[in-house]
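Enquirer: give me the fold of what follows.
(one chain, ligands or ions: 1)
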Amino acid sequence: MKSNKLSKSLSSIVGSVTAEVFAESKKLQRMGKNVINLAIGQPDFLPLDEVLEATANFVMDGKVQYTESKGIFDLRKSIVDYYQVDASPETEVVVTAGGKLGIFGAVWSVCNPGDNVIVLDPSWVSYGSIIKSFGCIPKYLEVGKDFTFDEDDLRNLIDDRTKALIVNSPCNPTGQIISEKKLASLYNLCAENEILLISDEIYNEYVFGNKPFFSLTKINNWKDYGVAINGFSKTFSMTGFRVGYAISNELITNEINKVMQLTASCATNFAQHAAVVALKNIGKMRVRIQEIMKPRLDRLIELDGELLGFDLLRPQGAMYGWFKLHDVQDTAKWAKELLKEKLVAVTPGIGFGPHGEGWFRISYATKLENLEDGLQRISDFVNKKN
Ligand code: PMP
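Expert: Next comes the predicted model:
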């Protein structure tokens, strides 16, 4: 078959630079090279023992069949309790097979081919691709430190085919947290224009500074034009369990439930039960996240001062350091050279949107010695020492 016979929307999605760097680093590892991977956005620690043991028991108990497409009631109820949100577990929560499918569902629920969705720039690699996969167009709104954006720029981007806006706080890749005021102003603009605000809150437990996380679900009337997306991948280090969720009004959750019926059928049965156990142990997990991740972030900030001295946007949350490079026009090329010469994998900023060019992202969800060694190598590369 010829490639022009493929779906235009799917084939418009080309392999990301992130995937390229990842594949290359794996290849080098297979060749026995000592590669330090600072590109992976996944916690490097295991879920709680309580969760692992319960999972094994749920499997042995035979919790291995389909569940209701919107998820088991116990989990939906536990999510509402955890979120402390005024939402009905019966009709306003849907469990998805990972947060990513929740984002797909939210976009799918409001978009027709040719529509557009506003994405804050920089932001997570996959938003643009998800939007394009529906034959829709991502429109990028440049956002600075602390989510500063120009309201007129945003108003100018909105047209009658704008169906949604995606915000992610704490942000992958910048580590910034949106304030209540800015989130409310985004929400009000969305409501005014009758577009859906998709709030990806997947890193809500990865908050390390004084600035608190603020959820969309705390904004007045948020359910009218808002959907909150979250999951167990980051909070409980359960990436492979594939359990996420969306909370919104019944109209939207119904559509997302249809997406679940059409795709995964349901999130994995025993993984949903394990997720209930995980939420019961959120206190322990919060301690673990702070104990493991906070010293890494502190060290990252120290090392930036000692070794690199580039502009690290001071992270407030998530698990990433977002660095500005000076005098580098093509960061994808730069990242490939860095990998080849110094065997450190980082993610070039261009993958996160047009305004990500000139930046790179590292994940500090890795052991301190990797972080130290990796940053030393980056520093050597930048300073061209050998
Ligand atoms: N949103 C963001 C910003 C992410 O970084 C990720 C994972 N990298 C996800 C959503 C998806 O997470 P999952 O599907 O594993 O729940």
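Enquirer: thinking Leu313 is in contact with Tyr320, fair?
Expert: No. Judged on CB atoms under 8 Å, Leu313 makes no contact with Tyr320 at a distance of 9.6 Å. For the C-beta atoms, the positions are set from N, CA and C on the backbone; glycine is no exception.
Enquirer: neighbour count: those two, which is higher?
Expert: Set Leu313 next to Tyr320 and count neighbours by other CB atoms under 10 Å: Tyr320 wins out with 26 against 19.
Enquirer: hey, where'd the strands end up in the stretch 251-386 of the chain?
Expert: If DSSP state E, counting those that start in this stretch is used as the criterion, the strands of the stretch 251-386 of the chain fall at 311-313, 320-324, 344-345, 347-348, 359-363.
Enquirer: those: which one's closest to Ser3?
Expert: Of all those, strand 347-348 sits nearest to Ser3, with 25.8 Å by CB to CB.
Enquirer: find residues that contact each of Leu313 and Tyr320.
Expert: Counting by CB atoms under 8 Å, 6 or more residues apart in numbering, the shared contacts of Leu313 and Tyr320 are 174-175.
Enquirer: nearest to the ligand, out of the strands of the stretch 251-386 of the chain?
Expert: Minimum separation from the ligand across these (CB to the nearest ligand atom) falls at strand 320-324, 8.9 Å.
Enquirer: which strands and helices sit next to that closest one?
Expert: Secondary structure elements in contact with strand 320-324, counted by 3 or more CB pairs under 8 Å, 6 or more residues apart in numbering; DSSP states H and E, are strand 311-313, strand 359-363.
Enquirer: domains for this structure, by residue range?
Expert: Recorded structural domains for the chain (assignment: automatic domain parsing) are 3-46+283-385, 63-281.
Enquirer: pull up the distance across the longest one, start to finish.
Expert: End-to-end distance of domain 63-281: 21 Å, with CA to CA, to the nearest Å as the criterion.
Enquirer: just to revisit the earlier point, dump the strands of the stretch 251-386 of the chain into a markdown table; add distance to the ligand as well.
Expert: As requested, these are arranged in a markdown table below (distance: least, CB to the nearest ligand atom, whole Å):
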| stretch | distance to the ligand |
| --- | --- |
| strand 311-313 | 16 |
| strand 320-324 | 9 |
| strand 344-345 | 16 |
| strand 347-348 | 11 |
| strand 359-363 | 10 |
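Enquirer: just say which of those strands is most tucked in.
Expert: Per-residue neighbour counts averaged over each of the strands of the stretch 251-386 of the chain give the maximum for strand 347-348, namely a mean of 29 (mean count of other CB atoms under 10 Å).
Enquirer: distance from the chain centre to that strand, please.
Expert: Averaging C-alpha coordinates over strand 347-348 and over its chain gives two centres that are 15 Å apart (CA atoms, centre = their mean, to the nearest Å).
Enquirer: to Asn57, which of the domains of the chain lies closest?
Expert: Ranking the domains of the chain by proximity to Asn57 (CB to CB) places domain 63-281 first, at 8.8 Å.
Enquirer: do that closest one and the ligand meet?
Expert: Yes. Interface with the ligand: domain 63-281 contributes 98-100, 124, 168, 172, 200, 202, 231, 233, 239, 244 (CB under 6 Å from any ligand atom).
Enquirer: once you drop chain neighbours, what's closest to Phe381?
Expert: Lys342 (4.8 Å; CB to CB, 6 or more residues apart in numbering).
Enquirer: just Ser11 next, same as before
Expert: In space, not counting the residues next to it along the chain, Ser11 is nearest to Ser3; the distance is 6.4 Å by CB to CB, 6+ apart.
Enquirer: so Trp359 makes contact with Val328?
Expert: No. With contact taken as CB under 8 Å, Trp359 and Val328 are classed as non-touching, separated by 9.3 Å.
Enquirer: so which helix or strand takes in Ser199?
Expert: strand 196-200 (DSSP states H and E).
Enquirer: does anything pack onto that strand? Which helices or strands?
Expert: helix 99-110, strand 162-168, helix 180-192, helix 222-225, strand 226-231.
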